[in-house]
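Q: Sequence and computational prediction follow.
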Amino acid sequence: MTEISKTLSRMVFLCVLLVGAASSAVAQAGKVEYKLLATNKTSTMQKEMNESAAVGFRFGGVMGGETSFGGSEVVVIMTKDPQQKTASRFKYKLLATSKTSTMQKELQEAGDEGFEYKGQTVFSSTFGGKEVIVILERDMEAKVDTWEYKLLATKKTGTMQKELGEAGAQGFEFVGVTVSDTAFGGKEVVSILRRPMRR
């Protein structure tokens, strides 16, 4: 084999290796892992979410309702991208209450600690009856941004429109809403808004 043939052979071999490596990287990039958490105890859900976060999973979505086997449950989907090193980076806080005043207070305490709103749902818990559940997330590696939260709850959509307008004029950004029969006050619209904490 001539020197030119050897060089060409090496180049072809190298190209095959590079194409193989690139294909593997593309395949890996498209791979996402999921974990479904379901429980009828909100305290258990917060624990399981943080355990999942410790091994690289991140909150994806939440829904409360009736499942075939578990009855009334909160269902949370966690996702994990193997290409992103997120182990122990995120911390979660789950708030659950049937009183608007309690939820407002707990939301603000979480906001003071830098927790950001991620989702909400309504859930018939084993002990608390109908509750609004809010999930918040904190990036432990990022600069802490504190938030001021505002919870609006009313039975009348016209009243909610007015209160949303007033909150918007104060710089509050809408982040989530639920409409359900809650212990807050019967069938209600519950909206959550936030704005960066003023220093």
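A: Received, thanks.
Q: Lowest average confidence across helices and strands of the chain, where is it?
A: Per-element confidence for the chain was summarised using mean pLDDT, DSSP states H and E. The lowest value among helices and strands belongs to helix 3-29, with a mean of 46.
Q: ok but residue 101 is inside a strand, no?
A: No. Per DSSP: H, G, I helix; E, B strand; the rest coil, residue 101 lies outside any strand segment and is helix.
Q: And it, how close does it get to residue 152?
A: Residue 101 sits 13 Å away from residue 152, going by CB to CB, to the nearest Å. All C-beta spots, glycine's among them, are computed from the backbone N, C-alpha and C.
Q: try residue 124
A: Taken as CB to CB, the span from residue 124 to residue 152 is 22 Å.
Q: Compare residue 101 and residue 152 (neighbour count), which wins?
A: residue 152 (22 against 11; other CB atoms under 10 Å).
Q: which residues sit in contact with the more buried one?
A: By CB atoms under 8 Å, 6 or more residues apart in numbering, the residues touching residue 152 are 160, 163, 164, 167, 189, 190, 191, 192, 193.
Q: Show me what the strand or helix carrying residue 195 is packed against.
A: Secondary structure assigned from DSSP states H and E places residue 195 in strand 186-196. Strand 186-196 sits against helix 100-112, strand 116-125, strand 147-154, helix 157-169, strand 173-182, with contacts defined as 3 or more CB pairs under 8 Å, 6 or more residues apart in numbering; DSSP states H and E.
Q: one more time with 6 Å, if that's ok
A: strand 147-154, strand 173-182 (3 or more CB pairs under 6 Å, 6 or more residues apart in numbering; DSSP states H and E).
Q: what about the longest one, distance to the chain center?
A: Right, strand 173-182. For strand 173-182, the distance between its averaged C-alpha position and the chain's averaged C-alpha position is 15 Å (CA atoms, centre = their mean, to the nearest Å).
Q: Then the shortest one?
A: Here strand 147-154 shows a centroid-to-chain-centroid distance of 18 Å under the convention CA atoms, centre = their mean.
Q: And the pLDDT at residue 83?
A: As predicted, residue 83 sits at a pLDDT of 79.
Q: That one belongs to a strand?
A: No. Inclusion of residue 83 in a strand is not indicated when three-state DSSP is applied; the result is coil.
Q: Below-threshold pLDDT in the protein: ranges please.
A: Under the criterion pLDDT under 70, the flagged ranges of the chain are 1-30, 66-71, 86, 125-129, 180-186, 199.
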